[in-house]
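Visitor: Kindly return the folded structure for what I paste below:
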Amino acid sequence: MNDSHQQFAGMTRYRWVVCSMLFLATTINYLDRQVLSLTWKDFIAPEFGWNDTDYGLITGCFSIVYAVSMLLIGKFIDKVGARRGYLWAIGVWSAGACLHAFCGIATNGFLTGTWVASFTAARESLAVLQPVGDALWTVSTVSVWLFLAARCILAIGESGNFPSAIKITAEYFPKKDRGFATSVFNSGAQIGALLAPFVIPLLARYWGWEMSFLLVGAIGFLWMGVWVYVYDTPRKSRHVNSQELAYIEQDAVTDVQNASEPAAGAEKEKGISLWKCFTYRQTWAVVVGRFLPDGVWWFFLFWAPAYVHDVYGYSSDSTTGMLLIFTLYLISMLSIVGGYLPTLFINRRGMNPYAGRMRAMLIYAFFPLLGLVAQPLGGWSYWFPIVIIGIIGAAHQSWSANVYSVVGDMFPKSAVATVTGIGGMSGGIGCLLFNMCSGMLFTYSKETQMEFLGFKGIESGYMIVFIVSALAYLFSWIVIKLLVPRYQLIKA
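Guide: You can find the predicted model right below:
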């Protein structure tokens, strides 16, 4: 232990600077993703005549495009490198975020043949069309397709965030630290979600919903300018000294011991083809670990403001509505603490990284079971379901950080982004099913006044979703454990 301390004494900490950039990118990612969820119910739907099914379709299509893109972009990032890949990703998603702002102008142009340069003029023209039943249907349909197009561009770009970030984490952190480092940058999701309810509805109220898309989308272009000067691989970075490089690469000896033959150097690693990745049970473990849990997380991300509006009557720009969403994501910030749990198991109990993560993930999987009582307790106070959703969010982000880290534990760095992309595809498909089915369920439950477990109307629909969300993590953990019962390193 003393030798280890002497070896790493005086090392730089530049890996945390890089991690902070990943954190900022993830924050921007989730800010851009949240703009629609915080504006559609109170600002966009009244203007275009949307219902829950329309919104479910838009979020569902976002998810499937995100899923397909994740499958392909991981391989792209492994090929071109994290530096260039990340620049492409955030550039595309920032452009997609800004394009949402012009959907009203484009809808007016398609319907009237008159193209205007003003958001206000487009809104006034659409208002004239809305009293006519057939025209209202046309406004709704055209606007939905235009938002779908902008959302697809956003999805293609955003799909590059996590494959890039996980690849960089594998480059800059030893395995024992990756879970915590991932939870740190992944907490950008909660920070973005914390900022969003206070910033976006107010922008929409005073400057128009279009400006909320434009201003938030523009932040990504600023990040790109900083990234060019901050990032390089550890061996090439002038900010990483020899001691920090030794700390980062400390797993090399262990990996050789776990492999059946000596591993090649990092620069000489062979890649693993996309289709060959599907032959490993470890890949399918990541697929299972992302499918249902990501659907749960994205549901709450996309529908929490609508839940507060539909069940408790608070709009996203009301003081109470903003406070409830803020509290939800503030509680989810506990994932930073939860993300450190595997490191404790590894350092203090001598467990291998996979065993430590699986034990921590089992603990995380029990917290979402509180979702079974969220809706019943909501009859007493809206704070109960909000706090419970926040706890589920914290458990999810802790879970997600370790599912991401499993990829770096078991696969060579040359395949990390590829396998992360496969996992992201699985999560995107889960999100597609969760959001589209939820949208149809909510529309059906409202129209038919469906009853379920003592709840009626849309509340019965939310009760069903809470039950699925509560059981998703424990079910996923069991399947992962069956697929990969113990640690096994994959070599290229």
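Visitor: Please enumerate the helices of the stretch 201-350 of the chain.
Guide: With DSSP state H, counting those that start in this stretch, the ranges of helices along the stretch 201-350 of the chain come out as 209-230, 242-248, 252-258, 274-277, 281-312, 319-332, 335-338, 341-349.
Visitor: just so I know, which of those helices lies nearest Tyr14?
Guide: Tyr14 sits nearest to helix 242-248 of all those, at 6.5 Å, using Cβ to Cβ. Any C-beta I mention is one placed from the backbone N, CA and C, and that applies to glycine too.
Visitor: Tell me the buried residues in the closest one?
Guide: Of the residues in helix 242-248, Glu244, Leu245, Tyr247, Ile248 count as buried by neighbour count, 16 or more other Cβ atoms under 10 Å.
Visitor: which residues touch it?
Guide: 7-15, 171-174, 234-235, 240 (Cβ atoms under 8 Å, 6 or more residues apart in numbering).
Visitor: between those, which is closest to Ala394?
Guide: So of the contacts of helix 242-248, ranked by how close each gets to Ala394 (Cβ to Cβ), first place is Phe173, at 21.9 Å.
Visitor: The closest one contacts Val184, doesn't it?
Guide: No. Between Phe173 and Val184 there is no contact under Cβ atoms under 8 Å: 10.1 Å.
Visitor: okay, and the common contacts of the two?
Guide: In contact with both Phe173 and Val184: Cys19, using Cβ under 8 Å, 6+ apart.
Visitor: Now the phi/psi pair for Lys456, please.
Guide: For Lys456, the backbone dihedrals are phi -130, psi 150 (criterion: degrees, to the nearest 10).
Visitor: Point out where the chain drops to low pLDDT.
Guide: Counting by pLDDT under 70, the chain contains low-confidence ranges at 1-9, 115-118, 121-124, 126-137, 252-271, 336, 338-339, 492.
Visitor: Please spell out which residues along whichever strand or helix holds Ile478 are buried.
Guide: With secondary structure defined by DSSP states H and E, Ile478 is part of helix 458-483. Applying a neighbour-count criterion of 16+ other Cβ under 10 Å, one finds 458-473, 476-477, 479-480, 483 buried in helix 458-483.
Visitor: And Gly379, its phi and psi?
Guide: Torsion angles, degrees, to the nearest 10, at Gly379: phi -70, psi -20.
Visitor: now the one 5 residues further on
Guide: Note on Phe384: its backbone torsions stand at phi -60, psi -50 [degrees, to the nearest 10].
Visitor: Once you drop chain neighbours, what's closest to it?
Guide: Nearest non-adjacent residue to Phe384, counting by Cβ to Cβ, 6 or more residues apart in numbering: Leu377, 3.6 Å away.
Visitor: Surely the one you found is in contact with Val387?
Guide: No. Between Leu377 and Val387 there is no contact under Cβ under 8 Å: 9.1 Å.
Visitor: Can you pick out the residue with more neighbours from those two?
Guide: Val387 (18 against 15; other Cβ atoms under 10 Å).
Visitor: between the helix or strand hosting that one and helix 458-483, how big is the angle?
Guide: If you go by DSSP H and E, Val387 is part of helix 383-410. Angle between the axes of helix 383-410 and helix 458-483 is 20 degrees (criterion: axes from the mean of the first three to the mean of the last three Cα atoms, to 10 degrees).
Visitor: I'd like the next helix or strand past helix 383-410.
Guide: Downstream of helix 383-410 (by DSSP H and E), the next one is helix 416-448.
Visitor: Against which helices or strands is the helix or strand that that following helix is followed by packed?
Guide: Using DSSP H and E, the helix or strand that follows helix 416-448 in sequence is strand 451-452. Contacts defined by 3 or more Cβ pairs under 8 Å, 6 or more residues apart in numbering; DSSP states H and E place strand 451-452 against helix 458-483.
Visitor: Who are the packing partners of the helix it packs on?
Guide: helix 281-312, helix 353-366, helix 374-377, helix 383-410, helix 416-448, strand 451-452.
Visitor: any idea which of these is most buried?
Guide: helix 383-410 (a mean of 26; mean count of other Cβ atoms under 10 Å).
Visitor: That one to helix 416-448, inter-axis angle?
Guide: Using the same axes, to 10 degrees, the direction of helix 383-410 lies 160 degrees away from that of helix 416-448.
Visitor: Which residues does stretch 325-338 contact?
Guide: 38, 183-184, 186-187, 190-191, 193-194, 196-198, 300, 304-305, 308, 316, 360, 364, 383, 386-387, 389-391, 393-398, 401.
Visitor: same thing but at 6 Å, please
Guide: Under the criterion Cβ atoms under 6 Å, 6 or more residues apart in numbering, residues 183, 187, 190, 193-194, 197, 386, 389-390, 393-394, 397-398 lie in contact with stretch 325-338.
Visitor: Just the buried positions in it, please.
Guide: Neighbour-count burial for stretch 325-338 [16+ other Cβ under 10 Å]: 325-336, 338.
Visitor: Check those against Phe162 and report the nearest one.
Guide: Ranked by distance to Phe162 (Cβ to Cβ), the buried residues of stretch 325-338 are led by Ser335 at 15.1 Å.
Visitor: Just give the nearest non-adjacent residue to that closest one, would you?
Guide: Closest to Ser335 by Cβ to Cβ, 6+ apart is Gln397, at 3.5 Å.
Visitor: Check Ala95 too.
Guide: Using Cβ to Cβ, 6+ apart, the closest residue to Ala95 is Ile153 (6.6 Å).
Visitor: Count residues in the vicinity of that neighbour, would you?
Guide: Neighbour number of Ile153 under other Cβ under 10 Å is 19.
Visitor: re earlier: in the buried residues of helix 242-248, find the pair that's most separated.
Guide: Spanning the widest gap among the buried residues of helix 242-248 are Leu245 and Tyr247, at 7.3 Å by Cβ to Cβ.
Visitor: Pretty sure Asp42 sits against Ser316.
Guide: Yes. Contact criterion Cβ atoms under 6 Å: Asp42 and Ser316 qualify, at 5.3 Å.
Visitor: So between those two, which is more surrounded?
Guide: Neighbours were counted for Asp42 and for Ser316 using other Cβ under 10 Å; Ser316 has more, 27 against 20.
Visitor: how about that one, what does it touch?
Guide: Leu38, Asp42, Pro201, Pro305.
Visitor: Can you lay out those residues as TSV showing distance to Gly85?
Guide: Shown next, in TSV, are the contacts of Ser316 (distance: Cβ to Cβ, whole Å):
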residue	distance to Gly85
Leu38	29
Asp42	36
Pro201	33
Pro305	32
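Visitor: circling back: element containing the residue nearest to Ala95, please.
Guide: Using DSSP H and E, Ile153 falls in helix 133-158.
Visitor: quick one: that helix to helix 209-230, angle?
Guide: Going by the same axes, to 10 degrees, helix 133-158 makes 10 degrees with helix 209-230.
Visitor: Could you give the separation of the helix or strand following helix 133-158 from the chain centroid?
Guide: Counting by DSSP H and E, the element after helix 133-158 in chain order, helix or strand, is helix 161-172. When distances are taken as Cα atoms, centre = their mean, to the nearest Å, helix 161-172 is centred 14 Å away from the chain's centroid.
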